[in-house]
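Novice: Sequence below, structure please.
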Amino acid sequence: MRKDSIAGRLLGILVFLIGIAILVVVAVLAYTLFTATTSPLQVKPDVGSEVTAALGASAVRLIYQILLLIVLCIAGSLVAARGLHLYFVATGPSTSRSAPPVDNKPEE
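Specialist: Numbers count the residues shown, from 1 in each chain. Predicted structure coming up:
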């Protein structure tokens, strides 16, 4: 018995491509973050006593960006995996294989 579904296949491919698009966005964001010509930890040396506060704020901003990349990467991977799952469920098995009969008789 075959349970092909063209709509299910198309939906699976669409969801998979959305997940891949999210992963591409994550790669572009990571590339721009880590190849920036300026340091992500921005501190102006002539600020005076506010250097520590400025350094802390820029460090928090950098950690936030890295955590956002991690969360987006996990989300993109899960969406792509769900798309593959939908595709293969819609494809269904090509042939029906039945399991061999199980003998539940106790041995004497």
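Novice: make it CA atoms for all contacts and neighbour counts henceforth
Specialist: Noted.
Novice: show me the contacts for residue 79.
Specialist: By Cα atoms under 8 Å, 6 or more residues apart in numbering, residue 79 lies in contact with 15, 16, 18, 19.
Novice: brain fart, residue 8
Specialist: 86, 87, 89, 90, 91.
Novice: Lowest-scoring secondary structure element of the chain by mean pLDDT?
Specialist: helix 51-91 (a mean of 88; mean pLDDT, DSSP states H and E).
Novice: who's in contact with residue 5?
Specialist: Counting by Cα under 8 Å, 6+ apart, residue 5 makes contact with 90, 91.
Novice: From residue 30, how far out is it?
Specialist: Per Cα to Cα, to the nearest Å, residue 5 is found 38 Å from residue 30.
Novice: cool, and residue 56?
Specialist: As for residue 56, its distance to residue 30 is 21 Å (criterion: Cα to Cα).
Novice: burial count for residue 6?
Specialist: When neighbours are counted by other Cα atoms under 10 Å, residue 6 registers 12.
Novice: Give me the number of neighbouring residues for residue 65.
Specialist: Counted with other Cα under 10 Å, residues neighbouring residue 65 total 15.
Novice: got a list of what it touches?
Specialist: Contacts for residue 65 (Cα under 8 Å, 6+ apart) come out as none.
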